[in-house]
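>>> structure, please.
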Amino acid sequence: MKTCMKTSDPKQSAGSKEVSAVHPERAAFTRLSLIQIPIRSLFVRIWRTIHHEFTEHTLFSVSLIVAAITSCFSKPQWGYIDVKVLVCLFELMLIVKALEEYGLLGHIAVNIVNRCRDERRLTIGLCVISFLLSMFTTNDVAILTVIPILIIIAQTCGFSAAVSCVLVTAAASLGSSTTPIGNPQNLYIFSFYRMSPTSFFRDSLPLCFISLLLLTVSCLLIRPQKIQTKLDGIPVTEKKKVTAFLLLAVPVIAGVLNLIPYEFTLLLVLVIAIILDRALIRKLDYRLLLTFLFLFVAVGNISHMPELKGQLAALTATPFKTYVSALFLSQIISNVPSTVMLAPFTTHMRELFYGVNIGGLGTPIASLASIIAYSLFCRTFAQKKLQFIRAFLIYNFILLIVLGAVFAVVIIAKM
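Got it, this is the predicted structure:
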């Protein structure tokens, strides 16, 4: 075998040396340019990564930035972190992920949808599924389960799904307010104020019934245009594992309700998950847990800043002020951060509960669930973004104004 070796041209080498000798600045500039090219591409790559994370996970990014900034003015402490909330949220996420992976949630939704024969009934059916599902699996999971089914039907039957998508999203947000495990803000309020199940449901059930009534009236405004829906059934795989995780939900909920120690349920969940399907642990969205962690740090830091502490205390001085502050703050920074920010400064837990749950309606950023629904819709119907936003703002602000006014009257009457 012959090997070919490339020999350098003496004249070329000599010419290069001559250029370097005559023009040392040009040679240095050339070397510097070669170094700058990879550095520039590295900065571009970093910027794209940061931009993607910020746009796709805005709440996580903002909570991280706020925690970092406030830590410059106040020393963070371990006592700021509510460990029970993080543990219970992790346990619920793991169980819901198992039910989602094994097809149980999709199986239930498809079987109900296949019985609907017009747009109105379809929207009512999907809203009922979303409303009930969100009580036990959180509003985010309900939307991630129901909205894709709605989009498939809309593509197949050729009808505009914007209004239906908006109402399904509102149903998930309002339905999740019924139980302590329905959404993160309820879990935090229930744990922070050490509420009993009786006191929690005494406050949540009136909101549940009135919300369901308003959603039904909203669905009746949709024309009953005939559609043909016949989706292929989603099989439930690993039925024994599904049964095991459904049974596991019982002690987890008991831990949330303070009936058994949450440390015991955490150990039980981890052991069963490792035995049955350890891959589930890797598939969880840990950004949500980290978002809560950063919010705990940020709010703890703020509570030790005299200026901000005084302002937040003034915003929550009375029941009605707490309600209005939670309602309006949710429109700007979302209802989960509003809950964590206001709770340490008020004893009016019922008004805070109503404010942040009703406050999940209104602007698209009032609830993370709304952002998820918008991204799912626009991924398929990019040309109908404005149609979705228009329908979203109309229906959400009508529901916000009506529910907000009703419970404002209730709060004032009880003062």
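>>> so how far is residue 185 from the most centrally placed residue in the chain?
The centroid of the chain falls nearest to residue 368 when counting by CA atoms, centre = their mean (4.1 Å). Using CB to CB, to the nearest Å, residue 368 is found at 10 Å from residue 185. Using the backbone N, CA and C atoms, a C-beta is placed for each residue, glycine as well.
>>> spit out the residues that contact those two alike.
When contacts are counted by CB atoms under 8 Å, 6 or more residues apart in numbering, residue 368 and residue 185 are jointly contacted by residue 336.
>>> quick one: residue 317 is in a strand?
No: under DSSP: H, G, I helix; E, B strand; the rest coil, residue 317 sits outside any strand and is assigned coil.
>>> count of residues packed around it?
13 (other CB atoms under 10 Å).
>>> what are the phi and psi angles of it?
Dihedral pair for residue 317: phi -70, psi -30, per degrees, to the nearest 10.
>>> roughly how far does it sit from residue 146?
40 Å.
>>> one more: residue 108?
10 Å.
>>> now do the host helix or strand of residue 287: which elements does it pack against?
Here residue 287 sits within helix 286-303, counting by DSSP states H and E. Using 3 or more CB pairs under 8 Å, 6 or more residues apart in numbering; DSSP states H and E, the elements in contact with helix 286-303 are helix 58-71, helix 83-101, helix 184-192, helix 306-315, helix 335-342.
>>> for residue 159, which of the ones you listed is the nearest?
Residue 159 lies closest to helix 83-101 among the helices and strands packed on helix 286-303, at 26.8 Å (CB to CB).
>>> what comes up buried for the closest one?
Buried residues in helix 83-101, defined by neighbour count with 16 or more other CB atoms under 10 Å: 84-101.
>>> give me the packing partners of the next helix or strand after it, helices and strands only.
As assigned by DSSP H and E, the chain's next helix or strand after helix 83-101 is helix 104-113. For helix 104-113, the elements it packs on are helix 119-137, helix 139-157, judged by 3+ CB pairs under 8 Å, 6+ apart.
>>> contacts for helix 104-113 next, please.
Helix 104-113 has contacts (CB under 8 Å, 6+ apart) with 99-100, 122, 125-126, 128-129, 133, 137, 141, 145-146, 149, 153, 229, 231-236, 242.
>>> just the buried ones out of those, please.
The buried subset of the contacts of helix 104-113 (16+ other CB under 10 Å) comprises 99-100, 122, 125-126, 128-129, 133, 137, 141, 145-146, 149, 153, 229, 234, 242.
>>> I figured residue 203 hits residue 354, correct?
Yes: using CB atoms under 8 Å, residue 203 is in contact with residue 354, at 7.4 Å.
>>> these two - which one has more neighbours?
It is residue 354, of residue 203 and residue 354, that has more neighbours when counted by other CB under 10 Å, with 28 against 17.
>>> who touches both of residue 108 and residue 146?
Any residue near both residue 108 and residue 146 by CB under 8 Å, 6+ apart counts here, and that gives 129, 133.
>>> export the helices and strands packed on helix 286-303 to JSON lines and tack on distance to residue 381 and mean pLDDT?
JSON lines is the format used below for those (distance: least, CB to CB, whole Å; pLDDT from 0 to 100):
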{"stretch": "helix 58-71", "distance to residue 381": "22", "mean pLDDT": "83"}
{"stretch": "helix 83-101", "distance to residue 381": "24", "mean pLDDT": "86"}
{"stretch": "helix 184-192", "distance to residue 381": "29", "mean pLDDT": "91"}
{"stretch": "helix 306-315", "distance to residue 381": "39", "mean pLDDT": "82"}
{"stretch": "helix 335-342", "distance to residue 381": "26", "mean pLDDT": "88"}
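>>> what's near enough to touch the nearest residue to residue 159 once chain neighbours are set aside?
In this structure, residue 159 finds its nearest non-sequential neighbour in residue 119, 5.8 Å apart by CB to CB, 6 or more residues apart in numbering. Each residue near residue 119 by CB under 8 Å, 6+ apart is listed here: 159, 164, 222, 223, 224, 225, 227.
>>> what does residue 45 give?
If you count contacts by CB under 8 Å, 6+ apart, residue 45 has none.
>>> the strand or helix carrying it - what's its average pLDDT?
Assigned by DSSP H and E, residue 45 falls within helix 24-56. Mean pLDDT, helix 24-56: 61.
>>> over to stretch 279-288?
Averaged over stretch 279-288, pLDDT sits at 87.
>>> just the buried residues of that stretch, please?
Applying a neighbour-count criterion of 16+ other CB under 10 Å, one finds 280, 281, 287, 288 buried in stretch 279-288.
>>> just checking, the second one touches residue 275?
No: Residue 281 sits out of contact with residue 275 when judged by CB under 8 Å, with a separation of 11.7 Å.
>>> rebuild the helices and strands packed on helix 286-303 as CSV, extending it with distance to residue 45.
Below are these laid out as CSV (distance: least, CB to CB, whole Å):
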stretch, distance to residue 45
helix 58-71, 18
helix 83-101, 31
helix 184-192, 33
helix 306-315, 37
helix 335-342, 30
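>>> quick one: residue 200 and residue 87, what's the gap?
Residue 200 sits at a distance of 19 Å from residue 87 (criterion: CB to CB).
>>> same thing with residue 365?
Distance, residue 365 to residue 87, by CB to CB: 28 Å.
>>> and residue 390, by the same measure?
Following CB to CB, the distance that separates residue 390 from residue 87 is 41 Å.
>>> try residue 67
For residue 67, the distance to residue 87 - CB to CB - is 20 Å.
>>> ok so, going back, farthest pair in the contacts of residue 119?
Using CB to CB, those reach their maximum pairwise distance at 164 and 224, which is 12.7 Å.
>>> who has more neighbours out of these two?
The neighbour comparison of residue 164 against residue 224 (other CB under 10 Å) goes to residue 164, with 25 against 13.
>>> not counting sequence-adjacent ones, nearest residue to that one?
Distances taken as CB to CB, 6+ apart put residue 123 closest to residue 164, at 4.4 Å, once the chain neighbours are dropped.
>>> ok, now which ones touch that neighbour?
Here residue 123 is in contact with 163, 164, 167, 168, 219, 222 (criterion: CB under 8 Å, 6+ apart).
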